[in-house]
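Enquirer: let's see this in three dimensions:
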Amino acid sequence: MTRLVGLPPVIGPQTRLLVLGSFPGVASLREQRYYGHPQNQFWKILAALWSVDLVAMRYAERLDVVRDHGLGIWDVYAACEREGSLDTSIRNAELNDFGRVQRESPGLVAVAHNGGESFRHAKHTQALGLPVHKLPSTSPANASWSLDRKLAAWGEVFRLYGLA
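Expert: Residues are numbered from 1 along each chain as shown. As a prediction, the model looks like this:
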């Protein structure tokens, strides 16, 4: 298997809530963009929460809106071996340095895991001493949750921290 390296974090001093995925899929790695698969609902959910047409924006503009809203984006894994995009195929994973987020984002007040694979590492993010939440995955593999149901769950967490 090929050793894959993830994407850099989208964080800064204004980050209040950090959303952690597991590891970028093939489409995201190819494009070097978070949530690059067209069927992933991440950008649609944020667009609905913020009433901004993120889907129509260029990626750099999306990231500006994310930062302006106090949201950070990263993954639990810095690198891994994997064929395809499924979390179940991840092998020999290396965790990201979550302490980096606190150093670079002094306003961070909470962490939210995007899906079950990410949440498996909640003990590492809980070590930051902040509230940790599990959100339903925005991945197309999570077809058992409707977009409306995901939106409600994400909105609840975002409202807790003033992001929606």
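
Enquirer: and the closest residue in space to residue 85 that isn't next to it in sequence, how far from residue 33?
Expert: Excluding the flanking residues, the one nearest residue 85 by C-beta to C-beta, 6 or more residues apart in numbering is residue 25, at 3.4 Å. The way it works is simple: take the backbone N, C-alpha and C, and place the C-beta from them, glycine included. Shown here: residue 25 relative to residue 33, a distance of 11 Å by C-beta to C-beta, to the nearest Å.

Enquirer: which of the two has more neighbours?
Expert: Between residue 25 and residue 33, counting by other C-beta atoms under 10 Å, residue 25 is the more crowded of the two (21 against 17).

Enquirer: gap between that one and residue 68?
Expert: Using C-beta to C-beta, residue 25 is found at 26 Å from residue 68.

Enquirer: that older thread, where does the residue nearest to residue 85 land on pLDDT?
Expert: Residue 25 carries a pLDDT value of 92.

Enquirer: need the contact list for it.
Expert: Residue 25 sits next to 36, 37, 40, 85, 139 when contact means C-beta atoms under 8 Å, 6 or more residues apart in numbering.

Enquirer: got the contact list for the third one?
Expert: Same thing as residue 40. Counting by C-beta under 8 Å, 6+ apart, residue 40 touches 25, 138, 139, 140.

Enquirer: pick out the most distant pair among those.
Expert: For the contacts of residue 40, the maximum inter-member distance is 11.3 Å, found between 25 and 138 (C-beta to C-beta).

Enquirer: who does the helix ranked longest in the chain touch, helix- and strand-wise?
Expert: For the chain, the helix with the greatest residue count under DSSP state H is helix 147-160. Helix 147-160 is packed against helix 42-50, strand 110-114, strand 132-135, with contacts defined by 3 or more C-beta pairs under 8 Å, 6 or more residues apart in numbering; DSSP states H and E.
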